[in-house]
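Student: Any chance you could fold what I've pasted below:
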Amino acid sequence: MKRCQHLMLIFTSLFFVVSWPAASQAAEKASVPSGKDVKKPLVQPLAASALAAPPSLCSVLIDEINGIVKLVHKDMQKTVHLYMKPGGKDYITFPGMWELYYISPQYRNHVQGCCSQQKSFSVQDQKAAGCTNSDTVKQCMDKLVRHCIGGVKKNAQLKTDLKHSQEKAAILSVQTKELSERLNKLIATMP
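Tutor: Model (predicted):
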């Protein structure tokens, strides 16, 4: 009886050792999607919906555009108008702001279109954006979105105008800080 138990234990152990690699390979194959399920660049059209989240460039650009437009066209203008004489028509202008937000095609809308979950990029789009067979879908999508956003006509002029606005804002910042300091000094000196 003891011999039968030992033989049964040896047979079970031997069966387990022999069947382990086959079971492990079957489990591994079940966990890896087939080639048809895996999206690859340069093989089929890609859409932003293939990613869990849009490329970070999209959210950064859209957030920055919205923040700048709010600051320039709402907050700063409200401050300027608050201290204007009644009937005055002075306002602060910054080059590129109208193009950035209002003039057709609106840059912000173009960015949102390139970043849309419904946007699909063909294999030719992928090649034009510089995607390679070794890219992941995320890497290729980042290239596609950059290429799409950069494809706006007059983009170079818009960048130049925005650079001028940045310089103007920097000068205004220095000047308003100096004005504030001088006003503080004057107020403190006044009897």
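
Student: ranges for the helices of this protein?
Tutor: For the chain, the helices defined by DSSP state H cover 2-31, 56-70, 77-82, 97-101, 107-115, 123-129, 137-150, 155-189.

Student: Including mean pLDDT, could those go into CSV?
Tutor: Below are the helices of the chain laid out as CSV (pLDDT from 0 to 100):
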stretch, mean pLDDT
helix 2-31, 45
helix 56-70, 87
helix 77-82, 70
helix 97-101, 76
helix 107-115, 86
helix 123-129, 95
helix 137-150, 91
helix 155-189, 90
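
Student: and those helices as a markdown table, adding mean neighbour count?
Tutor: C-beta here means a position set from N, CA and C on the backbone, and glycine is covered the same way. Compiled in a markdown table, the helices of the chain are given as follows (neighbours: other Cβ atoms under 10 Å):
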| stretch | mean neighbour count |
| --- | --- |
| helix 2-31 | 9 |
| helix 56-70 | 14 |
| helix 77-82 | 11 |
| helix 97-101 | 18 |
| helix 107-115 | 18 |
| helix 123-129 | 16 |
| helix 137-150 | 19 |
| helix 155-189 | 12 |
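
Student: and S49, which of those helices is closest to it?
Tutor: Of all these, helix 137-150 sits nearest to S49, with 10.3 Å by Cβ to Cβ.

Student: would you turn the helices of the chain into CSV with distance to V43?
Tutor: Shown next, in CSV, are the helices of the chain (distance: least, Cβ to Cβ, whole Å):
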stretch, distance to V43
helix 2-31, 21
helix 56-70, 24
helix 77-82, 50
helix 97-101, 36
helix 107-115, 21
helix 123-129, 7
helix 137-150, 10
helix 155-189, 30
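
Student: Ok, which of those comes nearest P41?
Tutor: If you check each of the helices of the chain against P41 by Cβ to Cβ, helix 137-150 wins as the nearest, at 3.8 Å.

Student: Distance from the chain centre to that closest one, please.
Tutor: Centroid displacement of helix 137-150 relative to its chain, using Cα atoms, centre = their mean, to the nearest Å, is 10 Å.

Student: ok, back up a step: which of the helices of the chain sits closest to A47?
Tutor: Counting by Cβ to Cβ, and looking across all of the helices of the chain, nearest comes helix 137-150 at 8.7 Å.

Student: Now do the closest one and helix 56-70, the angle between them.
Tutor: Relative orientation of helix 137-150 versus helix 56-70 (axes from the mean of the first three to the mean of the last three Cα atoms, to 10 degrees): 40 degrees.
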